[in-house]
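Student: Predicted coordinates and the sequence they were generated for:
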Amino acid sequence: MSWKQHFAKLRGLAGRRRHDGELDEEIRAHLEMEEQENQAKGMSPEEAHYAALRKFGNVLRTEESAREMWRWVWLETLAQDVRYGLRMLVKNRGFTAVAVLTLALGIGGTTAIFSVVYGSTLNPWPYKDGDRLTIVVSYDQKQGPNASRTGVSPAEFLYYQQQNHVFDEVIGEASEELSLSRNGIPEWLRGTRVTDNTFRVLGVAPLIGRSLGPEDSQTGAPPVAVLCNKAWKSKFGGDPGIVGRTLILNHEPTTVVGVMPPRFEWCGEVCLPADLSAPTVAGQALWFYVEGRLKPGVTVEQANADIRILGKQLAALYPKDHPKDAAFGVKSLTDEFTREFRKTLYILFGAVGLLLLIACVNVSNLLLARATTREREIAVRAALGASRGRLIRQFLIESLILATVGASLGCLLARIALGPLLTILPPWMVPPEAEIRVNGSVLLFALGSSLVCTLLFGLGPAILAASRDPQELLRAGGRGVGESSGHNRLRNLLVVSEVALSLILLTGAGMLVRGFWHLRHVQLGYDVDNLLCVAAPLPDSRYKTLEQRNQFHAELLRRVRTLPGVTSAALGWPGLIWAGPAPIEVVGQSSAEDQSAWFRLVGDGYFETLRIPLLRGRVISQQDLAQARPVVVVNRAFATRYFTGMNPIGQQVSWKAQGWFPQMKQSVFEVIGVVGDTAHSDGEGPKAKPQVFLPIMLMGIPWNMAFVRTAGDPDRLLNPIRQEFAAIDKELPVEGSEVKVEQQDWYSEPRFVVTMLVAFGSLGLVLVSVGVYSVVSYAVSRRTQEIGIRMALGAQATDMRRMVMTAGLTWLAIGIGIGVPASIALAKILQNRIWGIRSADPLMLLAVSLILTVVGLAACYFPARRATKVDPMVALRYE
Amino acid sequence: MPRRDAERERIELLQGTLDMLILRTLLWGPAHGHGIAIAIERTSSDVLKVEHGSLYPALQRLQQEAWITAEWKVSPNKRRARYYRLTAAGRRQLMAETSRWDRLSEAIARILRPVESPEES
């Protein structure tokens, strides 16, 4: 069609009524002229009228096809179809309600999960071009690419900034522990010194005041700070008057110039400018983490190659600052912070996708059933000239209306569900900047999924319904034709797939629930009740030597142990949650493979305080510590692994990571005892691994961390303990928390996944029972006449019941038969990709199959019972 | 279900011919729908029977192609009627169609009477 024609049609659309009138008049004029001419030929007026009409042909049809010339007829018929579809859906309220609700559940669930996927992994950052931000990593190759990143000196930072070819901006930040003095009470603030371009590159505007600019990083510039939102709210009560006030940070008066908005987490609690020309801040060297923004079009791989070369040059320039096997590279910021959670989310997305499929299958079933009751209508429409394409379109439009209404309701559901969903979101897995809500992209996704759903559930029934022979249907008067075999086959296929899908979903949920249960019931090996962990840093400026530090430890322990309410207390480091491996060597067992063990530094009374049982030998005593004896306690797993078949007591273990504790003098330790296993986490849930416990007094760590067992509520002792710290050194910021509370985080991710999957699984079960019920009860209603005849001929009620139930149960059984191997296969794929899933165990499959069978039986039973209640006389007259 | 393809082809062939006949009729001057119908019948010596109704969709189409224009006028017998007039583009279209038609009928004639034609020439 040419643009001219389109234009004419557009005009036609506007002046459509006028146009119609003109055509009418024109045709009337034509007929009158013809009549006049006929009369002139000598016909009677009546004869002339009919002759003119005959000659003209079908007036209505002419008008219609003439109209087609100036209008988008398809658009009008589309509107017609939509109107008609709406009328049909309103008329069948029950059907519409069930279909829309089913779709709303499916689409709503998918949309909710998608908004989590979108907000937390696809677009988590508020920063400008956040998807192009990368982190530059350097690490010890021996520890693998997942080893923690090491910082670089200001000189190296400048080298990266000036010499790279792949970034258009390079920023750096160095974390600094700050002590904030207020009214003489020290508090601890996590500070970050940022390079002068940081705020410009990140492009986040401050909430109040200003952010930091290049002038703040000049040497001699007045010290300023920008508060992050959380610290502003928690430490300063969200007081806007804070801007312009002066805080004492690390003994230096610092002016607060601004407060950042909530979605800004780059700096911990407070941002300070970094002066790259000053070698040290308060006597400590700054170590920068480096981030680069990729130039447009540069891939992470290209950046990786470039930075690897720069890193090698740096390692050659500054050999002292790099381990011998230093490796360098670039990682995408998004990838680095969302990789773990993405795995979890994809599993959930798959599960909710199954739910959506089940919903589609259900609606498909409902449509099929309805199409058979609409046979007569379809036949009449076809006989009146509706083409097959038009009929299919009509059905698809009805489906589309269902899907869009379902999707709208689903978006609403997703919005409501996001509230509780966000509260169980695992805190460590999602970048804190992430904003998860139903936004434009999410709505677009919902729209797309409703279109896909329409095709999924609507196309099959539409084609089937439109392809029946109208003659046959009309002849039968709309009843008693029975089902076409196509209908039957599709319906049975749908039931089977529905059962199989839900079996997979339920098995997945079951496996995770079991995994979670195991996780919760891992023997921790220590008692977390009434256990407090308190910690304070020992700054180098005042606690330089091993002796100074040990003196502080001893004095603190002496004071805390005498506090009322304290049962026992001991030094220990690190905390109980996390653990990582350290390289060790069992003396006399040189082996090719690297030996390693998780390590903990402990003081006297550690095992008693944590209630870790001693199995052999003895534990580290006060004398050991006082005389600096090189002794070590190992756990059962260590003894089993390295000392099988021999007495572990008296063996020697050599510590291979001297660099970690520069003040450590000895490196070979004698095993004096074996204790029970304790479970800690290396990021994937609690477990027990070979472990060594070394005397803390030998290592000289710049920290004081103590575990305190209390008689009553541990929180009540927090303040008295703080006061004891302050009595020894009133400058130390002390942090303390209950171990039990901290440990909740361990379970947050598994709990999230399990909760979601159980929710999806239960929804799936409900949908399946609705589906099976509707199919069986529909089949019964179609067969009412047959059942009536059979019963009139003497069939028993039980026979009828059996007949109906057998039909339903056969397909149920086939569905289970397909679902079981599919679940096993799926479990194999997921095995070890996500915690908790090992393999689909037979007991679980049996249980799930049983649940499905019971639900299916119930769904078949009620229609079957109804069938037997049929009065033969009524049944024969049925319809 | 009725198959529509065959039907449509038939209609299109008819429409094309009808379009040409209408344009040709209007070459003599503006005319209204009834006049065009009568003229086609008369000039073809009543060989071509046009169903008058089929004229109006064709007239709409020709208007959209801008080959003809229409306006309301009063006919000689004092009736309001819609008069169609050939445009310059319509004239060009008629020329092109005519030569195309000539070639087509020549070709068909050659196929239908392959033996006679050489003898005649």
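Tutor: Nice, I can see it.

Student: Please report how far the residue nearest the centre of chain B lies from chain A.
Tutor: What sits nearest the mean C-alpha location of chain B, by C-alpha atoms, centre = their mean, is B:Leu21, with 2.2 Å. Counting by C-beta to the nearest C-beta, to the nearest Å, the gap from B:Leu21 to chain A is 17 Å. For glycine as for every other residue, the C-beta is placed from the backbone atoms N, C-alpha and C.

Student: Wait, that residue touches B:Ala39, no?
Tutor: No: assessed by C-beta atoms under 8 Å, B:Leu21 is found out of contact with B:Ala39, at 9.1 Å.

Student: Where does the prediction get shaky in chain B?
Tutor: B:1-16, B:45-49, B:114-121 (pLDDT under 70).

Student: what pairs with A:Val674 across the strands?
Tutor: Judged by DSSP bridges, the bridge partners of A:Val674 are A:Arg616, A:Val634.

Student: So for stretch A:860-872, mean pLDDT?
Tutor: Over the span of stretch A:860-872, the pLDDT mean works out to 77.

Student: Roughly how far does the residue nearest to the centre of chain B sit from A:Val780?
Tutor: Plainly put, B:Leu21 is 64 Å away from A:Val780 if you go by C-beta to C-beta, to the nearest Å.

Student: ditto for A:Gly508
Tutor: Counting by C-beta to C-beta, the gap from A:Gly508 to A:Val780 is 33 Å.

Student: do the longest helix seen in chain B and chain A meet at all?
Tutor: Longest helix in chain B by number of residues (criterion: DSSP state H): helix B:88-112. No: Helix B:88-112 lies apart from chain A when judged by C-beta under 8 Å from any C-beta of the partner chain; the minimum separation is 10.4 Å.

Student: which parts of that helix are buried?
Tutor: B:Gly90, B:Gln93, B:Leu94, B:Glu97 (16 or more other C-beta atoms under 10 Å in any protein chain shown).

Student: Who are the packing partners of that helix?
Tutor: For helix B:88-112, the elements it packs on are helix B:5-26, judged by 3 or more C-beta pairs under 8 Å, 6 or more residues apart in numbering or on different chains; DSSP states H and E.

Student: try 10 Å
Tutor: helix B:5-26, helix B:55-64, strand B:68-74, strand B:80-86, helix B:116-120 (3 or more C-beta pairs under 10 Å, 6 or more residues apart in numbering or on different chains; DSSP states H and E).

Student: Can you list the low-confidence ranges for chain A?
Tutor: For chain A (pLDDT under 70), the answer is A:1-19, A:68-74, A:142-149, A:279-284, A:470, A:473-486, A:590-592, A:682-686, A:832-840, A:875-879.

Student: At which residues are the strands of the stretch 701-850 of chain A located?
Tutor: A:703-710, A:735-738 (DSSP state E, counting those that start in this stretch).

Student: which of these sits most buried?
Tutor: strand A:703-710 (a mean of 22; mean count of other C-beta atoms under 10 Å in any protein chain shown).

Student: Relative to that strand, what are the paired strands and their orientations?
Tutor: By DSSP bridges, strand A:703-710 pairs with strand A:531-537 (antiparallel), strand A:566-573 (antiparallel).

Student: Give the helix, strand or coil label for A:Ser120.
Tutor: helix (DSSP: H, G, I helix; E, B strand; the rest coil).

Student: count of residues packed around it?
Tutor: A:Ser120 has 23 neighbours, counted by other C-beta atoms under 10 Å in any protein chain shown.

Student: State the separation between the strand or helix carrying A:Ala97 and the centre of the chain it belongs to.
Tutor: Per DSSP states H and E, A:Ala97 falls inside helix A:93-117. Distance of helix A:93-117 from the chain centroid (C-alpha atoms, centre = their mean, to the nearest Å) equals 19 Å.

Student: repeat for stretch A:560-569
Tutor: With C-alpha atoms, centre = their mean, you get 44 Å for stretch A:560-569.

Student: Would you work out how far apart the start and end of that stretch are?
Tutor: Taking C-alpha to C-alpha, to the nearest Å, the first and last residues of stretch A:560-569 lie 7 Å apart.

Student: do the same with stretch A:629-647
Tutor: 20 Å.

Student: Then stretch A:611-625?
Tutor: Stretch A:611-625: ends 20 Å apart by C-alpha to C-alpha.

Student: is it true that A:Arg87 lies in a strand?
Tutor: No: going by three-state DSSP, the assignment for A:Arg87 is helix, not a strand.

Student: so how far is A:Lys295 from it?
Tutor: From A:Arg87 to A:Lys295 the distance is 58 Å (C-beta to C-beta).

Student: Equivalent analysis for B:Ser75, please.
Tutor: Distance from B:Ser75 to A:Lys295, by C-beta to C-beta: 77 Å.

Student: before we move on, what about A:Met699?
Tutor: 45 Å.

Student: Neighbour count: the two, which is higher?
Tutor: A:Met699 (20 against 15).

Student: That one: what's its closest spatial neighbour, skipping adjacent residues?
Tutor: A:Phe661 (4.4 Å; C-beta to C-beta, 6 or more residues apart in numbering or on different chains).

Student: Appreciated, that's everything.
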